[in-house]
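Trainee: Below is the sequence, then the predicted model.
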Amino acid sequence: MLKITSSKAVLVLWLMALAGPAAAEGPLGGLAERATDSSVDTDVFAQEANAEVLRLLQHDPTEADVAAIPRLIDAFHRSGTDRQDDVLKLLAQLLPGSTKYHSAILDTAVEALQSPSPGVRVAAVDVLARSKNAAVVSQMVDSLSDPYWGVRYQALYGLSFFVDQGGHEEILEAVAPLVEDKNERVRVMARTLMREALGAGD
């Protein structure tokens, strides 16, 4: 099971970023600073973050983007819940291309699952799902019981990858009750996942 990065470890990552000149360059380094700047309007920050997510969807991360990861992790811990989900969306896009900070990103996402904000928890589950790391399955299974339907839906969507791989009976046991979930979208996703699992076992 993944362990949550300690505040000391986060500080070390941040200091590493400060030591590298590339981290101070590029849009993500500046965006990390704006995440903790209360003078920056939240909606404006969200628009800027979404623009960077779009860029990362269209182009591979640059060295400066990857170097900004420690700053983004630090920004997550120092910003409010109204911006943490946007920071996590950026980290989700950076995760596949960052071996060096892979564990730190996942630790941040695991911690974010405890957030009081449903939007932050949804974004956290998305990060874990993108990792395709079997070590996060237990956290995603736990998210199936989240009180917010969006988190349950995102967890189902993310777990579909692991079901396709096979060998995760505990996932199906956790998914089964959701075929009767009170939310229609969750019910449909749960039934789809169960069908896929049964098909994979043929």
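Mentor: Yes, it's here. Because the structure is a prediction, the values reported are computed rather than measured. Numbering: from 1, shown residues only.
Trainee: Now do the buried residues in whatever helix or strand residue 156 lives in.
Mentor: Here residue 156, judged by DSSP states H and E, is contained in helix 149-165. By 16 or more other C-beta atoms under 10 Å, the buried positions in helix 149-165 come out as 149-160, 162-163. For the C-beta atoms, the positions are set from N, CA and C on the backbone; glycine is no exception.
Trainee: So which of those is the closest to residue 77?
Mentor: residue 151 (20.7 Å; C-beta to C-beta).
Trainee: Does that closest one touch residue 117 like I think?
Mentor: No - with contacts counted by C-beta atoms under 8 Å, residue 151 stays clear of residue 117, the gap being 10.4 Å.
Trainee: center of the protein, which residue is that?
Mentor: residue 127 (2.3 Å; C-alpha atoms, centre = their mean).
Trainee: How about the contacts made by it?
Mentor: 88, 91, 92, 95, 105, 106, 108, 109, 112 (C-beta atoms under 8 Å, 6 or more residues apart in numbering).
Trainee: Repeat that for residue 29.
Mentor: Applying C-beta under 8 Å, 6+ apart, the residues near residue 29 are 23, 64, 67, 68, 71.
Trainee: Check residue 197 too.
Mentor: Residue 197 neighbours (C-beta under 8 Å, 6+ apart): 163, 171, 172, 175.
Trainee: any idea which element the last one lies in?
Mentor: Looking back up the chat, that one is residue 175. Going by DSSP H and E, residue 175 is in helix 169-175.
Trainee: What is the subsequent helix or strand relative to that helix?
Mentor: helix 184-200.
Trainee: Tell me how many other residues surround residue 113.
Mentor: 20 (other C-beta atoms under 10 Å).
Trainee: isn't it right up against residue 122?
Mentor: No - between residue 113 and residue 122 there is no contact under C-beta under 8 Å: 10.1 Å.
Trainee: Check which helix or strand residue 64 maps to.
Mentor: helix 63-67.
Trainee: could you point out which element follows that helix?
Mentor: helix 69-78.
Trainee: Who are the packing partners of that next one?
Mentor: Helices and strands touching helix 69-78, by 3 or more C-beta pairs under 8 Å, 6 or more residues apart in numbering; DSSP states H and E, are helix 7-19, helix 27-35, helix 81-94, helix 102-112.
Trainee: what about those, which gets the closest to residue 192?
Mentor: Nearest of the helices and strands packed on helix 69-78 (C-beta to C-beta): helix 81-94, 22.5 Å.
Trainee: chain center to the closest one: distance?
Mentor: Chain-centre distance of helix 81-94: 7 Å, with C-alpha atoms, centre = their mean, to the nearest Å.
Trainee: Fine, thanks again, bye for now.
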